[in-house]
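> Fold the stuff below for me.
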Amino acid sequence: MKPEIIKEIRQALEQATRWTYDSEATGIFVEVEKLRWRQVMPPREMMPTIPVACLLLQHAPALLDELERLTAKQKTCRWHTIDEDEMPGTYKTECGHMFSFCEGDRAENDAVYCQYCGGKIKESES
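So this is what the prediction gives:
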C-alpha cells in the first residue's frame, strides 16, 4: 500500500467522530463532547455491520503500523538472466528458483515482484 494512502486513512481515523457500540443496548454511543456521549439508534439493516465496523476501527491503527513496518523493510530478490541465446526471458532468482516468460523479458512483462518470495525484483546480468 502506498504511503499516501496510509496517511490518508490515518487522517480520516483522527478526524472521525468517536463512537462505541453497546451490544446489550443495541445502540451506538457517539461522543458529542469530551466525556459526554449520546445514544444513536442506527437503521435495523445496519445492525449486522456495526460490530464489524467497531472491530475494524479498533484495530486499524495497528494494521496501518504493520503495513508501514512491512513497507519499510521491503525485501528484494535479485534475478539473474540465464543465457539469452539458449533460454531468452529466463531468470535464476536469488530465492532459489528459475522463472521463464513465454514472450519477452521481465521489463516487457511488467514483472515487479518475485512470485516465489514476494521481494521486489532487482535485475542483474549473470
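> for this protein, longest helix please?
helix 50-72 (DSSP state H).
> list the buried ones in that one?
Buried positions in helix 50-72, judged by neighbour count with 16 or more other C-beta atoms under 10 Å: 50, 64. Glycine gets a C-beta too; all of them are placed from N, C-alpha and C.
> Point out the other helices and strands that the very next helix or strand once past that helix packs with.
Remark: after helix 50-72, the chain's next helix or strand is strand 76-81, criterion DSSP states H and E. Under the contact criterion of 3 or more C-beta pairs under 8 Å, 6 or more residues apart in numbering; DSSP states H and E, strand 76-81 touches strand 90-93, strand 120-124.
> could those strands be laid out in JSON lines, adding distance to residue 78, mean pLDDT and mean neighbour count?
Below are the helices and strands packed on strand 76-81 laid out as JSON lines (distance: least, C-beta to C-beta, whole Å; pLDDT from 0 to 100; neighbours: other C-beta atoms under 10 Å):
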{"stretch": "strand 90-93", "distance to residue 78": "8", "mean pLDDT": "92", "mean neighbour count": "19"}
{"stretch": "strand 120-124", "distance to residue 78": "5", "mean pLDDT": "88", "mean neighbour count": "13"}
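> Looking at the ones you listed, which is nearest to residue 63?
strand 120-124 (21.6 Å; C-beta to C-beta).
> And the closest one, what does it pack against?
So strand 120-124, by 3+ C-beta pairs under 8 Å, 6+ apart, packs with strand 76-81.
> which helices and strands sit right next to the longest helix of the chain?
Partner elements for helix 50-72 (3+ C-beta pairs under 8 Å, 6+ apart): helix 3-15, strand 19-22.
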